[in-house]
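[1] Fold the stuff below for me.
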Amino acid sequence: MTHTYNVTGMTCNGCKAKVEEALQNTDHIDEANADLSSGEVVITMSQHVALQTLQGALPDKYQISKKQEQNVFTSATNLEEEKSDLKQLFPLFLIFGYIIVASVLINIKSWNWSDFMLDFMGLFYIIFSFFKLLDLKGFPESFKMYDPLAKAIPAYAWMYPFIETALGIMFLMRIQVPLALIVTLIILGITTIGVTKTLLDKKAIQCACLGTALKLPMTKATFIENSIMIVMAIIMLVQMYA
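    Numbering: from 1, shown residues only. Model (predicted):
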């Protein structure tokens, strides 16, 4: 059985992770998925768990209550007010646009596809790591919600923004490019596996690609952005060793 509850007190992805972990460690609860934007948590139970038990499982900061049922007209109004995925992902598309334009301008005088791709990858890592470093405390909790390696090794989630920064510098400065390409294939390959699993499971979680400063839903766009980087890395490696 699945029930939806309202939870107050969740202010960041760290809070979201704590609420989910506390509830999932409660007897007879199979899964708990919280949503920061709506302040709701969807709980799947093997048998009914009383509201008092749920409240007792949570830290005092969070208050849980049963979501009130809405009539058809109210639900329709709320659906109209919800942001579309496209609108929520606008910051991601905007950043991608800036990266593409900047990479083109850098290489426009002496155009070379290889240099364009290296600059694109370098700028991608630098900009995306910047957003992650804005909330270095909250990012690891969000990242390990879907990245298999971060989930298994928490320290990796803390290191990830710095790994991205280092890779960005390596691509832009043309330092050990083959090594940077191989590392890119490994870390983004692992993340893409986690993203794919999340999408197939239809879990409503936030994407940590831009840290926690911008609230982005986990969608196919996340899969596409990783795939673009992976394809570029493969092309570059083939060109170097073909």
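
[2] make it CA atoms for all contacts and neighbour counts henceforth
    Will do.

[3] in this protein, which ranges drop under the pLDDT threshold?
    Counting by pLDDT under 70, the ranges of the chain that qualify are 68-86, 88, 203-206, 208, 210-219.

[4] what is the residue positioned nearest the centre of the chain paired to in the beta sheet?
    Centroid-nearest residue in the chain, with C-alpha atoms, centre = their mean: residue 207, separated by 1.9 Å. Judged by DSSP bridges, the bridge partners of residue 207 are residue 216.

[5] other SSEs contacting the host helix or strand of residue 92?
    If you go by DSSP states H and E, residue 92 is part of helix 90-107. Here helix 90-107 touches helix 113-133, going by 3 or more C-alpha pairs under 8 Å, 6 or more residues apart in numbering; DSSP states H and E.

[6] Who are the packing partners of the next helix or strand after the helix it packs on?
    For helix 113-133, the following helix or strand on the C-terminal side (DSSP H and E) is helix 139-143. With contacts taken as 3+ C-alpha pairs under 8 Å, 6+ apart, helix 139-143 sits against helix 13-24, helix 154-173, strand 206-207.

[7] any idea which helix or strand comes after helix 139-143?
    helix 148-152.

[8] buried set for that following helix?
    Residues 148-151 are the ones in helix 148-152 that count as buried (16 or more other C-alpha atoms under 10 Å).

[9] Turn those into TSV, columns for distance to residue 192.
    Shown next, in TSV, are the buried residues of helix 148-152 (distance: C-alpha to C-alpha, whole Å):
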residue	distance to residue 192
148	10
149	11
150	13
151	14
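
[10] Looking at those, which is nearest residue 53?
    residue 151 (27.3 Å; C-alpha to C-alpha).

[11] what's the spacing between that closest one and residue 194?
    From residue 151 across to residue 194, the span is 10 Å (C-alpha to C-alpha, to the nearest Å).

[12] Please apply the same query to residue 228.
    Taken as C-alpha to C-alpha, the span from residue 228 to residue 194 is 16 Å.

[13] go on, residue 55?
    Distance of residue 55 to residue 194, computed by C-alpha to C-alpha: 30 Å.

[14] Identify the single longest helix in the chain, thanks.
    The residue-count maximum for a helix in the chain (DSSP state H) belongs to helix 177-201.
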